[in-house]
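# Have a look at this fold, sequence not included:
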């Protein structure tokens, strides 16, 4: 069992739809990161959060520490949102960095 | 501010050879982390350097090593290359990725192919 689990693995949406990607973790972590990876490999950090909710444009990230669960929401999805979304977390002991397997999102015009 | 740079961007090596990859962090960042990404295993943590010291290490064999210089630039070395080492190697820099307030900034990666 992976320390960080993501779902779904693949997601296809119509432009304009509301999208949710889920991340659950089983280890103690100091913060949770949401990353975006476009074809070609470049990774961009979208959010880093340890509690509550953060919003950036059409993207919203939430985390529930008690339930060890985080979600990434995309409102009014657009084809340029097509990418792989990865949740990641450094352990709270600071000696490991865990990654989810990624969610491949395709938004169709 | 210039972003994280990695060189080379692409590399082809033969089994048994060794390779050195370089990462230049964002100015002022003292932490550099290295990651391996393969289709089968996804992203995996290799090691992290902070102020020239290896602070954390993932579960990789000793063939994978690294170092960090006084200007925070980092290199990683893989000796006795195996076919399974073919991957995208990413580095990321941060003021300190283990503190909640500091994000990681990723470089474009080095795509290594071992034949």
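Alright, I've got the coordinates. The structure displayed is predicted, hence computed values, not measured ones. Numbers count the residues shown, from 1 in each chain, chains lettered A, B, ... in the order given.

# What's the separation between the residue most central in space within chain B and chain A?
Within chain B, one residue has its C-alpha closest to the average C-alpha position: by CA atoms, centre = their mean, that is residue B:34, at 2.9 Å. According to CB to the nearest CB, to the nearest Å, residue B:34 stands 10 Å off from chain A. Yep, even glycine has a C-beta here, placed from its N, CA and C like the rest.

# Burial check on the nearest residue to residue A:8 once chain neighbours are set aside, number of neighbours?
Nearest non-adjacent residue to residue A:8, counting by CB to CB, 6 or more residues apart in numbering or on different chains: residue A:103, 6.1 Å away. Residue A:103 is surrounded by 22 other residues when neighbours are defined as other CB atoms under 10 Å in any protein chain shown.

# For residue B:71, see how far away residue A:103 is.
Look at residue A:103 and residue B:71: by CB to CB, to the nearest Å, they are 37 Å apart.

# cool, and residue A:108?
Plainly put, residue A:108 is 46 Å away from residue B:71 if you go by CB to CB.

# again, but for residue A:25
Counting by CB to CB, the gap from residue A:25 to residue B:71 is 35 Å.

# any idea how far residue A:25 is from the residue nearest to the centre of chain B?
Residue B:34 sits at a distance of 22 Å from residue A:25 (criterion: CB to CB).

# give the contact list for the residue nearest to residue A:8.
Residues in contact with residue A:103, defined by CB atoms under 8 Å, 6 or more residues apart in numbering or on different chains, are A:6, A:7, A:8, A:9, A:10, A:11, A:21, A:84, A:85, A:86.

# Ranking by neighbours, what's the top pick from those residues?
For the contacts of residue A:103, neighbours were counted using other CB under 10 Å, and residue A:86 has the most, 25 neighbours in all.

# Where does pLDDT dip in chain B?
Scanning chain B for pLDDT under 70 picks out B:1, B:97-101.

# Near the nearest residue to residue A:28 once chain neighbours are set aside, how many other residues are there?
Of all residues not flanking residue A:28 in the chain, residue A:92 sits nearest, at 4.2 Å (CB to CB, 6+ apart). For residue A:92, the neighbour count with other CB under 10 Å is 14.

# okay but residue A:92 is in contact with residue A:30, surely?
Yes - taking contact to mean CB atoms under 8 Å, the distance of 4.6 Å between residue A:92 and residue A:30 places them in contact.

# Contacts (any at all) between chain B and the helix or strand of chain A with the lowest mean pLDDT?
Every helix and strand of chain A was ranked by mean pLDDT, DSSP states H and E. The lowest is strand A:97-99, at a mean of 87. Yes - under the criterion of CB under 8 Å from any CB of the partner chain, strand A:97-99 makes contact with chain B via A:97, A:98, A:99.

# Report the beta-bridge partners for the residue nearest to the last one when sequence neighbours are not counted.
Nearest residue to residue A:99 in three dimensions, chain neighbours excluded: residue B:43, at 4.1 Å (CB to CB, 6+ apart). With DSSP bridges applied, residue B:43 shows beta-bridge pairing to residue B:37.

# cool, and residue A:33?
Listed beta-bridge partners, residue A:33: residue A:48, residue A:88 (assigned using DSSP bridges).

# repeat for residue A:54
With DSSP bridges as the rule, residue A:54 is bridged to residue A:61.
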